[in-house]
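Novice: I'll drop the sequence and a predicted model, then ask my questions.
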Amino acid sequence: MVINPKVIVEVGVGPEGRSTQLFLELCKHGIAGHLWSVDIDPEKTRPAVERIHKLGLDKYWTFTVMDALEFTQNFDETINLFYIDMNGRYLEKTQINEEIHLEIFKAYGQLMASNGVMSINNTCVFDGCRKGLIRFTEETDWQCSFLRRYVGIAICKRTQNIVLRER
Ligand SMILES: C[S@@+](CC[C@H](N)C(=O)[O-])C[C@H]1O[C@@H](n2cnc3c(N)ncnc32)[C@H](O)[C@@H]1O
């Protein structure tokens, strides 16, 4: 398990930044270290950025407006916890979406700590996301557990010993 993740990276802030705020509250309360978020859309994310600022949470936060894949090219921290909640321009065509997600999982997978955890949202909603994730586990040493309730969170680790229960 990742306890007290020092480095959290999140893809997808959106207009509300719900996950962003959650991770930042963990940082504020000493449960996590620092959050790096990346989102491709500066307009869409503006309300979230303003809210985070008003809440005084930005000291735990580094936000980059950039494509998720491009972001991995210059990121030189080792990631303990990764969360991806991405939608938008790739999702109309499932095949493209599958390839993009596969590329993203591989790129971030290489930046992860050996005991790091990757968590993926929307695996029930977007076929391409789920298929890309399944291929990722087939082509790498990552293992995945799907929590199928709601929109489908998936949790990935490198070890064989994932024991997660659906609630
Ligand atoms: C559903 S929203 C994120 C919601 C947020 N996690 C929350 O809990 O409120 C998805 C976000 O993914 C972003 N996105 C889509 N494609 C992206 C890409 N290639 N790189 C980075 N962000 C992307 C969109 O701009 C959008 O803001």
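Specialist: Perfect, thanks for sending it.
Novice: unless I'm mixing things up, Gly109 is touching Met118, no?
Specialist: Yes - counting by CB atoms under 8 Å, Gly109 touches Met118, with 6.9 Å between them. (C-beta placed from N, C-alpha, C; glycine too.)
Novice: for the ligand, what are the nearby residues on the protein?
Specialist: 11-14, 16-19, 38-41, 44-45, 67-68, 85-88 (CB under 6 Å from any ligand atom).
Novice: do you know how far Asp67 is from Arg130?
Specialist: 21 Å (CB to CB, to the nearest Å).
Novice: Please say which of the two ends up with more neighbours.
Specialist: Arg130 (22 against 16; other CB atoms under 10 Å).
Novice: Now the more buried one: which helix or strand?
Specialist: helix 127-139 (DSSP states H and E).
Novice: So which of the residues of the chain next to the ligand belong to helices?
Specialist: Per DSSP state H, helices hold the following members of the residues of the chain next to the ligand: 18-19, 68.
Novice: so what does the helix or strand just after the helix holding Arg130 touch, helix or strand wise?
Specialist: On the C-terminal side of helix 127-139, the nearest following helix or strand under DSSP H and E is strand 143-147. With contacts taken as 3 or more CB pairs under 8 Å, 6 or more residues apart in numbering; DSSP states H and E, strand 143-147 sits against helix 127-139, strand 153-157.
Novice: orientation of the last one relative to strand 143-147 in degrees?
Specialist: Computed by axes from the mean of the first three to the mean of the last three CA atoms, to 10 degrees, the angle separating strand 153-157 from strand 143-147 equals 160 degrees.
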